[in-house]
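Participant: Sequence first, then the predicted structure, then my questions.
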Amino acid sequence: MSDFRQDFLKFALSQNVLKFGEFTTKAGRRSPYFFNAGLFNDGASTLQLAKFYAEAVIASKVEFDMLFGPAYKGIILAAATAMVLAEKGVNVQFAYNRKEAKDHGEGGVLVGAPLKGRVLIIDDVISAGTSVRESVKLIEAEGATPAAVAIALDRMEKGTDELSAVQEVEQQYGLPVVSIANLNDLFTLLQNNSEFSGFFEPVKAYRERYGVT
């Protein structure tokens, strides 16, 4: 049986979404790898990405009734994942938000199905947790319950304190965070594929300096 986490990382590499080298993160850290989910920007790659999201969500066994995609990247992720889940026999509704409230027509900031039941938030990554915080507020304001957050890659590195951004979300909101892959999976990729062996030590050093368990 194939490991979807390793398959996802190899796919991200093939799309230049995941790159190895020397990069500077928003926090000013020198990172040996870079991940930009915005480069999944055509029909084929977005469809494949949604398949990985669906697989990760199903494998997590998180119980949910619908999907919510935070504007803007989460919009297409929620819609595409809902389509893939439907093909797998799990047909759920989805919704998303606007950045600015609409003052005509149906109005408001929410689009799609009414938020109700257990809501799974789908986004690309968790950085400062701002998107999650806004999503939780919207979901609870509608009387629904945030169920979990699904992201593409968990970098598993410290934020401003000893916790990672993902751990802070889990602690603050009591929500499980489901990732398609994480830093440990990336480390496994480097260990098992000789073509990436030159990046093994830099990623190991980065994990030892900034990583969380």
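Facilitator: Nice, thanks for sending it over.

Participant: Tell me which other helices or strands the lowest-mean-pLDDT helix or strand in the chain touches.
Facilitator: Taking all helices and strands of the chain together, the one with the lowest average confidence (mean pLDDT, DSSP states H and E) is strand 93-102, at a mean of 84. Other elements packing on strand 93-102 under the criterion 3 or more CB pairs under 8 Å, 6 or more residues apart in numbering; DSSP states H and E are strand 66-69, helix 73-87, strand 108-112, helix 130-141. Just so you know, the C-beta spots here come from the backbone N, C-alpha and C atoms, and that holds for glycine as well.

Participant: pLDDT below threshold where in this structure?
Facilitator: Across the chain, the stretches falling below the confidence threshold (pLDDT under 70) are 1-2, 101-107.

Participant: In the protein, which residue is most central in space?
Facilitator: Central residue check for the chain by CA atoms, centre = their mean: the C-alpha nearest the mean position is that of residue 151, 1.3 Å away.

Participant: From residue 87, how far off is it?
Facilitator: 22 Å (CB to CB, to the nearest Å).

Participant: cool, and residue 10?
Facilitator: Here the criterion is CB to CB. By it, residue 10 lies 23 Å from residue 87.

Participant: Residue 173 against residue 136, yeah?
Facilitator: Yes: here residue 173 lies in contact with residue 136, judged by CB atoms under 8 Å, at a distance of 5.7 Å.

Participant: can you list residues touching both of these two?
Facilitator: Between them, residue 173 and residue 136 have residue 146 as joint contacts when contacts are counted by CB atoms under 8 Å, 6 or more residues apart in numbering.

Participant: give me every residue that touches residue 210.
Facilitator: Applying CB under 8 Å, 6+ apart, the residues contacting residue 210 are 29, 157-158.

Participant: any idea how far it is from residue 60?
Facilitator: With distances defined as CB to CB, the gap from residue 210 to residue 60 amounts to 25 Å.

Participant: Likewise for residue 196?
Facilitator: With distances defined as CB to CB, the gap from residue 196 to residue 60 amounts to 27 Å.

Participant: The least confident helix or strand of the chain: which residues count as buried?
Facilitator: If you call a residue buried by 16 or more other CB atoms under 10 Å, then strand 93-102 has these buried ones: 93-97.

Participant: and of the residues you listed, the nearest to residue 112?
Facilitator: Of all those, the one sitting nearest residue 112 is residue 95; the distance, using CB to CB, is 3.5 Å.
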